[in-house]
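K.L.:
Quick one: sequence plus predicted model below, questions after.
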Amino acid sequence: MSKPTPTILWLRRDLRLSDHDALRAAVRRGGPVIPVYVRDAALDDLGAAPKWRMGLGIEAMAEALERKGSGLILRSGRALEVLRDLVKETGAGAVFWSRLYDPAAIERDKAVKAGLKEDGIEAESFAGHLLFEPWTVETKDGGYYKVYSPMWRNVKDREVPPAEPAPSHIPAPESWPESETLEDWHLGAAMNRGADVCRPYQRVGEEAAHGRLGWFIGHSIEDYREARDKPAVDGTSGMSENLTYGEISPRQCWHAGMRARHEGHKGAEHWLKELVWREFAYHLLYHTPRIATRNWREEWDDFPWKDDERAAEIKAWKQGRTGVPFVDAAMREMYVTGKMHNRSRMVVASYLTKHLMTHWKVGMHWFDDCLTDWDPASNAMGWQWVAGSGPDAAPYFRVFNPETQLDKFDPGHDYPKRWIAEGQDEPGQDALAYFDAIPRSWSMSPDDTYPETPVVGLKKGRERALGAYEDRKG
């Protein structure tokens, strides 16, 4: 009998060895497995922070594969052309990968599958980025869910397949094809000096992801429902970073949460709901891809949002210099850590889209560039949810007041003290780190005077937003 031909494992946002359906299928098929990461437009089009963070994840995945006696090939170019070249070089008979659900990925992957099959190559995609494939969750009428709560009720008792362990062995080819180097890709170039500031806050790779999950389940999930809203408290799981790069699977998170719920931890069900909120975002992105680029509710197309990014108000928002401490602390947290507390995300998005009357796409694109836990579905839906133009949205007349929000969720105002240096006699290292992370062209210093008044007052901004909403209705 002839030996099985090699299988190319095309990696994307599935940078792990355990609970990896495509990897397990490649090993089961027999023959050598050749993992590859392709630098194509999907990677090149990422913003500065997520592109840099993806590079860290690729590096960690390469090291994990090497520990298994395998390796990772790096190639640049259009995905179909690169995979065809590797098939010719290696004699591979199959290419396997994990599915993604954003419009660009779907279009690319369809073309890859069609092209490879046309060449007589086995081409197959596998689940792994979501708990439930978007086409498997339907309303009673057979459509997709436009509101979160009924979707949660639909899926909360569904059976989720168990998470599978990593293969004990990944067969390697007798000789490896040539590979580019991660250093030559310069994925962190746009981060400049900010990379060194941001790096200590990242938890990179599969081992770190499981350590983070274990700590959360063991120490924080009990109080999650209340603590998750407190920006000065380490009360969230932080798993968004690892989920977006596939360093842990949603099934692994789900089963950990279910075990905690069965053990009586009162915060567990609320955390499971947040995992399904992520699913909801992806299901909407799959069924209504316009959510990533246009108002999901088309009746908002004529709303008078501003989008001049040169405006002083928008510049102040980006720089964390609005004069609204909750907003500014949140923006600075993002520049230093690459992440932002969820309550803070809602507050800064509300201030931009309502008090500043600025289009949600301006904020979404800024987050695209600055978040190391950037996720195409969650970012798009989150911004539209706050702006009022999205599904299951916060009504436009619900305007978050940053002052009352801060008093409610951080009564000691520890959050601004941690992140805003100006005006403090002895600011902490996190507040000072902000000035090392930002572009030098901003010419900002901890010795600057913090703005005495907001760029747009809270009362004035709220009244202006509500007036525009009433005019729109009329």
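P.N.:
Received it, and whenever you're ready, just let me know what you need.
K.L.:
can you confirm Lys140 is in a helix?
P.N.:
No - residue assignment for Lys140, taken from DSSP: H, G, I helix; E, B strand; the rest coil, gives coil, which places it outside any helix.
K.L.:
measure it to Thr322 for me?
P.N.:
Look at Lys140 and Thr322: by Cβ to Cβ, to the nearest Å, they are 46 Å apart. C-beta: built from backbone N, CA, C; applies to glycine.
K.L.:
again with Lys306
P.N.:
15 Å.
K.L.:
Neighbour count for those two, which is higher?
P.N.:
Comparing Lys306 with Thr322 by other Cβ atoms under 10 Å, the one with more neighbours is Thr322, at 26 against 13.
K.L.:
and that one, which of the three is it?
P.N.:
Each residue gets one of three states, and Thr322 gets coil by three-state DSSP.
K.L.:
wait, it sits on Asp328?
P.N.:
Yes - with contact defined as Cβ atoms under 8 Å, Thr322 reaches Asp328; the gap is 5.7 Å.
K.L.:
Give me the contacts around the one helix or strand Ala104 maps to.
P.N.:
Per DSSP states H and E: Ala104 is located in helix 103-118. The set of residues external to helix 103-118 that reach it, using Cβ atoms under 8 Å, 6 or more residues apart in numbering, is 12, 40-42, 79-80, 83-84, 87, 95, 97, 99-100, 122-123, 125, 285-286, 289, 292.
K.L.:
how distant is that helix from the center of its chain?
P.N.:
Mean-position distance between helix 103-118 and its chain equals 23 Å (Cα atoms, centre = their mean, to the nearest Å).
K.L.:
Okay, buried residues for it please.
P.N.:
Judged by neighbour count using 16 or more other Cβ atoms under 10 Å, the buried positions of helix 103-118 are 105, 108-109, 112-113, 115-116.
K.L.:
So Val399 sits against His355, correct?
P.N.:
Yes - applying Cβ under 8 Å as the test, Val399 and His355 come out as touching, 7.3 Å apart.
K.L.:
which one of the two has more residues nearby?
P.N.:
When Val399 and His355 are compared for neighbours, His355 comes out ahead with 29 against 22, by other Cβ under 10 Å.
K.L.:
What is the neighbour count of the closest residue to the more buried one other than its chain neighbours?
P.N.:
Nearest residue to His355 in three dimensions, chain neighbours excluded: Gly461, at 3.0 Å (Cβ to Cβ, 6 or more residues apart in numbering). A count of neighbours around Gly461, defined by other Cβ under 10 Å, yields 22.
K.L.:
contacting residues around Pro439?
P.N.:
So, once contact is read as Cβ under 8 Å, 6+ apart, Pro439 ends up touching Asn192.
K.L.:
And the pLDDT at it?
P.N.:
What the model reports for Pro439 is a pLDDT of 93.
K.L.:
Output the longest strand anywhere in the chain as PDB - backbone C-alpha positions only.
P.N.:
Once the chain is assigned using DSSP state E, the strand that runs over the most residues is strand 33-39. Taking C-alpha atoms only, strand 33-39 is exported to PDB below (Å, rounded to 0.1, in the frame of the first residue of the first chain):
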ATOM      1  CA  VAL A  33       1.000  17.100   8.800                       C
ATOM      2  CA  ILE A  34       2.500  20.400   7.600                       C
ATOM      3  CA  PRO A  35       1.100  23.400   9.500                       C
ATOM      4  CA  VAL A  36       1.300  26.700   7.700                       C
ATOM      5  CA  TYR A  37       0.400  30.300   8.400                       C
ATOM      6  CA  VAL A  38      -0.200  32.500   5.400                       C
ATOM      7  CA  ARG A  39       0.400  36.200   5.500                       C
END
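K.L.:
Appreciated, that's everything.
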